[in-house]
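Asker: Mind folding the following:
(2 chains)
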2 protein chains.
Amino acid sequence: MGKSALQKARAAYQPKLPVALQGAVKIKEGEPTRSVDNQEKIKKLFPNTYGMPLVEFVPGTEKNTTRMNVGVILSGGQAPGGHNVISGLFDGIKKLNPENKLYGFLMGPGGLVDHNYIEITADFLEDYRNTGGFDMIGSGRTKLEKEDQFEKGLEVIRQLDIKAIVIIGGDDSNTNACVLAEYYAAKQYGVQVIGCPKTIDGDLKNEQIETSFGFDTATKTYAELIGNIERDCNSARKYWHFIKLMGRSASHIALECALQTQPNICLISEEIEAKDQTLNDIVENIASVVAHRAEQGNNFGVVLIPEGLIEFIPAIGRLIQELNDLLAAHGNDYKDLDKDAQREYILNHLSAENKATFETLPEDVARQLSLDRDPHGNVQVSLIETEKLLSDMVASKLAQWKSEGKFNGAFAAQHHFFGYEGRCAAPSNFDADYCYALGTSAAQLIANGKTGYMAIVKNTTASTNEWKAGGVPITMMMNMERRNGEMKPVIRKALVELNGKPFKTFAACRDEWAKNTCYLYPGPIQYWGPSEVCDQTTRTLALEQE
Amino acid sequence: MGKSALQKARAAYQPKLPVALQGAVKIKEGEPTRSVDNQEKIKKLFPNTYGMPLVEFVPGTEKNTTRMNVGVILSGGQAPGGHNVISGLFDGIKKLNPENKLYGFLMGPGGLVDHNYIEITADFLEDYRNTGGFDMIGSGRTKLEKEDQFEKGLEVIRQLDIKAIVIIGGDDSNTNACVLAEYYAAKQYGVQVIGCPKTIDGDLKNEQIETSFGFDTATKTYAELIGNIERDCNSARKYWHFIKLMGRSASHIALECALQTQPNICLISEEIEAKDQTLNDIVENIASVVAHRAEQGNNFGVVLIPEGLIEFIPAIGRLIQELNDLLAAHGNDYKDLDKDAQREYILNHLSAENKATFETLPEDVARQLSLDRDPHGNVQVSLIETEKLLSDMVASKLAQWKSEGKFNGAFAAQHHFFGYEGRCAAPSNFDADYCYALGTSAAQLIANGKTGYMAIVKNTTASTNEWKAGGVPITMMMNMERRNGEMKPVIRKALVELNGKPFKTFAACRDEWAKNTCYLYPGPIQYWGPSEVCDQTTRTLALEQE
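Answerer: Predicted coordinates:
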């Protein structure tokens, strides 16, 4: 295949490894662990994979040369560095024994169930080292959670003489990896399952996982674009840019981008939920900043908006809940009415509080909430253009204030949504190294007979040499949560902590950033050049590990 | 002000200069020139600035030390490198005589007329070297074209003892610079005016100007994003991404991005106009590629769309023309009718051909064309979301083909518009050097008493040392064109040449790119690292200068 100059040059990059993984490796086991909550329940559900120790790799003296084949799966949305996890895994098992083989299951977990796979050879792999994307073997969203899937997968595992499966995915995929590990352990199939922490959203992290891979590269790519827009904004001095950022559940991406670029406003869903703010509160806050800047002659600014915002606004959440029930019970009564009659019907059936919320919404958003459902009956929040919704409502608010003599400026908006622009960027040096180390750790966990573990690398704000690699029992990170009406064992999702340093650092600066123009321009990710440019971690990671 | 790590590191970059501008400089004059067309008319309009020779700078032996002050203006849309033109100009005049002063007029040409300016000092400039944006002194779109503006400008020019004004802008701004130069020459005011070729659109180029500054950085930034999206597209394998690219008049940006990223489809407005394609032709072409890829199981792809497309479709152009006339003559008759009645009214009044075109348009686009006008009575084409319009029409076409058994795949689209993301990016090494050399040339043109010239730098595909710097009389690039109903002397705008190498190279590959997946991933602009990564020119420039 053809390659750009950067692809060619970057292919030659040799990711750096922590000292412990550079030569022969010895495993060091810690004390037994327990899950973060609901210990009895989790223990009962995972009798074979509960309570195992944390492990760390340290320099050893002899090589493990067991012959083994391994399978690898990419699960869920793309994140920069996935190919380097596979490279680290490949090099790791080949170093243990050159006859070891690595198989890649195609298009996600479905590839295991449907027996679609390729062997990943050295030649094949060369084209993918240090590249972004998941195109090497593709990814998919099939959930591995049923016994017949596990049994179907076992067939191809046996056929290929596979000792272990590595699942590279987010919190749900790793939860499922653990369920699969438990199943194979309970059946004494002798097949190990290892997870790897992937997601640009940054919401798979805890005491054991410092960061999920891809977050570094994706946020730096978005921050490059936000910085460029800020510079444009500050040059033209005539637009407010409303920028929505991918990440449906948590606001880590928006927060990290704010720390990197210092915009005038950044909304954090978790704060809005905690303070029980309404859509009107949010709109008034933004409009106040616009009005204040206008008084200084600055009719421009930048607003960052997390993709999942709408669902975190408690009043909207309650409204959606009631609409879901209403639609389930009476959807057929009004689906053939005309638009106005439908609206009337809904208003007549809503409770007073939710009716009031419904009436504040622009008509097309109200319509979206009251009609369009995905196949599971859920509102398709991603279809709501929050960035336009907010700027429209801010424009209305400012028009009202203008008529009352409270606003004298100009307001014109531009809209952006960044997601696909960063999920497959070529991994930063950090992600390239971090992923390669994760893959190498996964190889070692397998060689040491572990199952139900996630590969981890810690101390990641130090130089790569000093990073600490190892594994964490997945059950250790679990608790019981309600999912689709049932209590399920899941890895706890990490939302933005309002008491955490990243948020507090942001909160301490934001008034200054709102009033003045304090934009920072991070520029594009650099792979060569001064270390302070090429090798810096995210601000989130630096602040959390301080 | 706070700075990112990249800003700090990049501030230390010393742009490279051609040999001729490195030490003392001598001017070498060529033969008298003539305008590209309408010689008699242009000569009559510019009696004092017509026919001057091309000039080139060569190494000299002694320094010109005349004491002089200079004013600089940024005009029109932002382009990466503007600050480096100013840096080159500053360093150039200070080298001639440390007492020389540089004044920056604020927020564009209006700053000259309204006497808003600052002195640009060495300290002040330090923060802006090698940075993107025009925020150093701001930009604006005031047109300098009236005598009272020229006279008002002269007041502040006299007050500050300014010898020359440098106007950094696109084709229109440079045309106006020449009109101003001619006016001051005719009045024997002794004030020189020099232009500089700026625009990310790439449409200010000709025999004398190899490329306009900013095109290199902006297209590389868009190509980074397109490449990232292609990689995502090729990993997820489920979306068609419709990407609109800024650049209203010419399709150079889309073409250059296509050469850098090899998407499945790239529309070129100039070709569509030349072939008199209809909107339906375009939609059928796209739908055919979608259908062909679907047969191979590839329900994904990337389509690049130039922002100005709509206006280049001849049938739409004719429709807009008739609608403009209709609106001017009868707008009041139907403005108070309801939507349906308005549509009816328009359909009843259009000629048969335009009526047929109008009927093929989605309702909201038809409405936009028939109602919303800017203050000059023109359709606001930039409000039309061409990327959504096309994907909607492709979806309809495919649905029809599906019902006829001619299409069996899936089609889901994502939309993007890139413009603000690249106009203010930190300049690439190429733009940083090119702009600095342009600014240095401008200083030399002034020191040598020139007016009505544009600073130029040629041989830009060679190493910087070998670049050739000089000046071109602006009248040489002019011809007469109709503007707002009047014939005016203007610099000829460079559209994509269908016989030029960039287009022919693209045209020779596009069938292959459409059918197969040949994506290239250029990655982010690199400032350090291997020369083939950091110092490559655009493909357009390389092909044109081959």
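Asker: Need the three-state assignment for A:G30.
Answerer: Of the three states, A:G30 takes strand according to DSSP: H, G, I helix; E, B strand; the rest coil.
Asker: so what's it closest to, chain neighbours aside?
Answerer: In this structure, A:G30 finds its nearest non-sequential neighbour in A:L54, 4.2 Å apart by Cβ to Cβ, 6 or more residues apart in numbering or on different chains. Yep, even glycine has a C-beta here, placed from its N, CA and C like the rest.
Asker: Tell me the secondary structure of the one you found, please.
Answerer: What three-state DSSP gives for A:L54 is strand.
Asker: ok, it to chain B distance?
Answerer: Distance, A:L54 to chain B, using Cβ to the nearest Cβ, to the nearest Å: 33 Å.
Asker: A:Y334 too?
Answerer: As judged by Cβ to the nearest Cβ, A:Y334 and chain B stand 24 Å apart.
Asker: where does A:D372 land on pLDDT?
Answerer: Turning to A:D372, the model gives it a pLDDT of 64.
Asker: The one 10 residues further on now?
Answerer: As predicted, A:S382 sits at a pLDDT of 71.
Asker: again, but for A:P375
Answerer: For A:P375, the predicted pLDDT is 62.
Asker: So which bits of the stretch 401-546 of chain A are right by chain B?
Answerer: Residues of the stretch 401-546 of chain A found near chain B (Cβ under 8 Å from any Cβ of the partner chain) are A:414, A:416, A:420-426, A:518, A:520-530, A:532-533, A:536.
Asker: Among those, filter down to the buried ones and hand me the ChimeraX syntax, if you would.
Answerer: The buried residues among those can be selected in ChimeraX (16 or more other Cβ atoms under 10 Å in any protein chain shown) with this line:
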select /A:414,416,420,421,422,423,424,425,426,518,520,521,522,523,524,525,526,527,528,529,530,533,536
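Asker: Among the residues of the stretch 401-546 of chain A next to chain B, which are located in helices?
Answerer: Judged by DSSP state H, helices contain the following of these: A:532-533.
Asker: contacting residues around the residue nearest the centre of chain A?
Answerer: Nearest to the mean C-alpha position of chain A, by Cα atoms, centre = their mean, lies A:D201 at 2.1 Å. Counting by Cβ atoms under 8 Å, 6 or more residues apart in numbering or on different chains, A:D201 touches A:170, A:212, A:215, A:246-250, A:252-253.
Asker: which residue packs closest to A:F124, ignoring adjacent ones?
Answerer: A:I118 (7.6 Å).
Asker: Name the next helix or strand following the helix or strand containing that neighbour along the chain.
Answerer: Counting by DSSP states H and E, the element that carries A:I118 is strand A:117-120. Downstream of strand A:117-120, the next assigned helix or strand under DSSP H and E is helix A:122-126.
Asker: How far off centre is that following helix?
Answerer: 28 Å (Cα atoms, centre = their mean, to the nearest Å).
Asker: Stretch A:277-297 now?
Answerer: 29 Å.
Asker: Output it as CSV - backbone C-alpha positions only.
Answerer: Listed next in CSV are the C-alpha coordinates belonging to stretch A:277-297 (Å, rounded to 0.1, in the frame of the first residue of the first chain):
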residue,chain,number,x,y,z
GLN,A,277,-28.6,22.8,36.6
THR,A,278,-31.4,23.3,34.0
LEU,A,279,-30.8,23.9,30.3
ASN,A,280,-31.9,27.5,31.0
ASP,A,281,-29.2,27.8,33.8
ILE,A,282,-26.6,26.7,31.3
VAL,A,283,-27.8,29.1,28.6
GLU,A,284,-27.9,32.0,31.1
ASN,A,285,-24.3,31.3,32.2
ILE,A,286,-23.0,31.3,28.6
ALA,A,287,-25.0,34.4,27.7
SER,A,288,-23.6,36.2,30.8
VAL,A,289,-20.1,35.5,29.6
VAL,A,290,-20.9,36.6,26.1
ALA,A,291,-22.5,39.8,27.5
HIS,A,292,-19.5,40.5,29.7
ARG,A,293,-17.0,40.1,26.9
ALA,A,294,-19.1,42.3,24.7
GLU,A,295,-18.9,45.1,27.2
GLN,A,296,-15.1,45.0,26.7
GLY,A,297,-15.6,45.0,22.9
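Asker: follow-up on the earlier one: what's the burial count for the residue nearest to A:F124?
Answerer: A:I118 has 14 neighbouring residues, counting by other Cβ atoms under 10 Å in any protein chain shown.
Asker: Show me the beta-bridge partners of the residue lying closest to A:D37 once chain neighbours are set aside.
Answerer: Distances taken as Cβ to Cβ, 6+ apart place A:N479 nearest to A:D37, at 3.7 Å, with adjacent residues excluded. Taking DSSP bridges as the rule, A:N479 bridges to A:V490.
Asker: Residues of the stretch 151-300 of chain A that sit close to chain B?
Answerer: Going by Cβ under 8 Å from any Cβ, the residues of the stretch 151-300 of chain A near chain B are A:221, A:224-225, A:227-229, A:231-237, A:241, A:260, A:262.
Asker: now for the residues you listed, which pair is the farthest apart?
Answerer: Using Cβ to Cβ, the two most remote members of these are A:T221 and A:R237, lying 26.0 Å apart.
Asker: And the two? Which one has more around it.
Answerer: Taking other Cβ under 10 Å, A:T221 and A:R237 do not tie; A:T221 has more neighbours (29 against 18).
Asker: got the contact list for the more buried one?
Answerer: Contact analysis of A:T221 by Cβ under 8 Å, 6+ apart lists A:421-422, A:425, A:525, B:228, B:524.
Asker: Reformat the residues you listed as TSV; add pLDDT.
Answerer: Formatted as TSV, those follow (pLDDT from 0 to 100):
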residue	pLDDT
A:E421	98
A:G422	97
A:A425	98
A:I525	98
B:N228	98
B:P524	98
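Asker: Among those, which one sits closest to B:T49?
Answerer: B:T49 lies nearest to B:P524 out of the contacts of A:T221, by Cβ to Cβ, at 42.8 Å.
Asker: Find the nearest non-adjacent residue to that closest one, please.
Answerer: In space, B:P524 is closest to A:P524, 3.3 Å off (Cβ to Cβ, 6+ apart).
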